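Visitor: okay, predicted coordinates and the sequence, questions at the end:
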Amino acid sequence: MAPVVKMTEEEDYLSLLDRAKIACPEITENHERFELPELDILQEGKITVFRNFIDVADKLRRDSTHLLQFMLKELGTPGNIEGRRAVFKAKISPQTINDRIQTYTETYVICSECGLPDTKMVKEDRTLMLECEACGARRPITVRKTSHTESLNTLKEGDIIEILITDLGKKGDGTGKYYDYLIVAPGAVKGTRIHAKITKISAKTAFAVPTTEPCTR
Ligand SMILES: [Zn+2]
């Protein structure tokens, strides 16, 4: 009887599926990609306030002092922790801070084997190792050398900076210092603080035109 035979085949197939499910438990369990909380950064005049700094350190499960020291070194600026915030004594763009936090996360937190952040730092002899609690992998922590102060302070054409015009050049152009650049801004008035768009750079002299656009750095 054909229909009966068909039923049996279906049952076999279903019981096979059941056994297959038991054989590979939860292998396809989805690990979400590790995501940091959105950085809450505020520029106040000449300082930059990283308002949820401690939250970020907690999320990374790293000591906030360790994270702060890394940031200060990378950003080339003094700063300190105030409550749950970190205060940097320089004007730093949120993008720059975000980049450095990413570098810290890749260097000190994320397991290079499984990509999870469930790691801890351990000292082995004199080497700092990253040990993964999820997969057991271990690797030495190698700190990437960055030319951070250079990239942070290096101007490019199109940048808009805020600058105090401190002097007048020979042709009457307003001039001022931006890190180790001499900024020359035709038409800018001595003693005024302006936004200036960089139009041309020649070694450490940058030409700029006053603008009302917001700063990009
Ligand atoms: Zn791992």
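Guide: Thanks, I have it.
Visitor: name the strands paired with the helix or strand harbouring Leu130 and say parallel or antiparallel.
Guide: Assigned by DSSP states H and E, Leu130 belongs to strand 127-132. Using DSSP bridges, the strands paired with strand 127-132 in its sheet are strand 119-124 (antiparallel), strand 138-140 (antiparallel).
Visitor: buried ones in that strand?
Guide: Of the residues in strand 127-132, those with enough neighbours to count as buried (16 or more other C-beta atoms under 10 Å) are Leu130, Cys132. The way it works is simple: take the backbone N, C-alpha and C, and place the C-beta from them, glycine included.
Visitor: that strand near the ion anywhere?
Guide: Yes. Strand 127-132 lies within reach of the ion by C-beta under 5 Å from the ion, at Cys132.
Visitor: avg pLDDT for that strand?
Guide: Per-residue confidence for strand 127-132 averages out to 93 on the pLDDT scale.
Visitor: same thing with stretch 160-176?
Guide: Here the mean pLDDT over stretch 160-176 is 92, rounded to a whole number.
Visitor: so Phe53 sits right up against Ile81, yeah?
Guide: Yes. Contact status for Phe53 versus Ile81: in contact at 6.8 Å, counting by C-beta atoms under 8 Å.
Visitor: okay, and the common contacts of those two?
Guide: Counting by C-beta atoms under 8 Å, 6 or more residues apart in numbering, the residues touching both Phe53 and Ile81 are Ser64, Leu68.
Visitor: what about these two, which has more around it?
Guide: Summary of the neighbour comparison: Phe53 and Ile81, criterion other C-beta atoms under 10 Å, with Phe53 having more neighbours (27 against 16).
Visitor: show the contacting residues for the more buried one.
Guide: Contacts here follow C-beta under 8 Å, 6+ apart; on that basis Phe53 touches Ser64, Leu67, Leu68, Ile81, Arg84, Arg85, Ala86.
Visitor: isn't the first one up against Ile54?
Guide: Right, the one you point to is Ser64. Yes. Applying C-beta under 8 Å as the test, Ser64 and Ile54 come out as touching, 5.6 Å apart.
Visitor: return every residue with contacts to both of the two.
Guide: Taking C-beta under 8 Å, 6+ apart as the criterion, Ser64 and Ile54 both touch Ile81.
Visitor: name the residues that touch stretch 205-217?
Guide: Contacts of stretch 205-217 from elsewhere in the structure, counted by C-beta under 8 Å, 6+ apart, are 91, 93, 155, 158-163, 178, 181-188, 194-201.
Visitor: much appreciated, bye for now.
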